[in-house]
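Student: my questions concern the predicted model and sequence given below.
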Amino acid sequence: MSITKKIPMRQCVGCREMKPKKELIRVLKTAEEGIIIDKTGKKNGRGAYICSSEECLEKAIKNHGLESSFKMKISEDVYDMLKDSI
């Protein structure tokens, strides 16, 4: 008997495709720090995922993917921080 390990899948807020969690960047909304990039994927808070490509980031900006995930206005600083991490 072979055991297959389940791969957690998440949806990108830009392209809306389901991809393995490890391939995506996690953007996190916390009560203390505001919106940050979670490199470990284990911090507490509301998370949204985005592909590590410029096209997906542009789609997320255009369709307000992060804003609808976090139910708040996202500042340009957050998008600049994401552009630097891609």
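Tutor: Nice, I can see it.
Student: which stretches of the protein form helices?
Tutor: 54-62, 65-70, 76-85 (DSSP state H).
Student: buried residues in the last one?
Tutor: It refers to helix 76-85. By neighbour count with 16 or more other Cβ atoms under 10 Å, helix 76-85 contains the buried residues 78, 82. (Glycine included, C-beta is placed from N, CA and C.)
Student: return the distance of that helix from the chain's centre.
Tutor: Computed by Cα atoms, centre = their mean, to the nearest Å, the chain-centroid distance of helix 76-85 equals 12 Å.
Student: I'd like to know how far Lys5 sits from Ser85.
Tutor: From Lys5 across to Ser85, the span is 28 Å (Cβ to Cβ, to the nearest Å).
Student: one more: Lys59?
Tutor: For Lys59, the distance to Ser85 equals 17 Å [Cβ to Cβ].
Student: which residues touch Met4?
Tutor: Careful, residue 4 is Thr; it's not Met. Contact analysis of Thr4 by Cβ atoms under 8 Å, 6 or more residues apart in numbering lists nothing.
Student: pop out the phi and psi values for it.
Tutor: Dihedral pair for Thr4: phi -100, psi 130, per degrees, to the nearest 10.
Student: separation between it and Lys22?
Tutor: 16 Å.
Student: state the distance from Tyr49 to Ser2.
Tutor: 29 Å.
Student: the two: which has the busier surroundings?
Tutor: A direct count of neighbours by other Cβ atoms under 10 Å for Tyr49 and Ser2 places Tyr49 higher, at 23 against 3.
Student: save the helices of the chain as TSV, and put in distance to Val27 and mean pLDDT too.
Tutor: Putting the helices of the chain into TSV (distance: least, Cβ to Cβ, whole Å; pLDDT from 0 to 100) gives the following:
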stretch	distance to Val27	mean pLDDT
helix 54-62	9	93
helix 65-70	6	91
helix 76-85	7	89
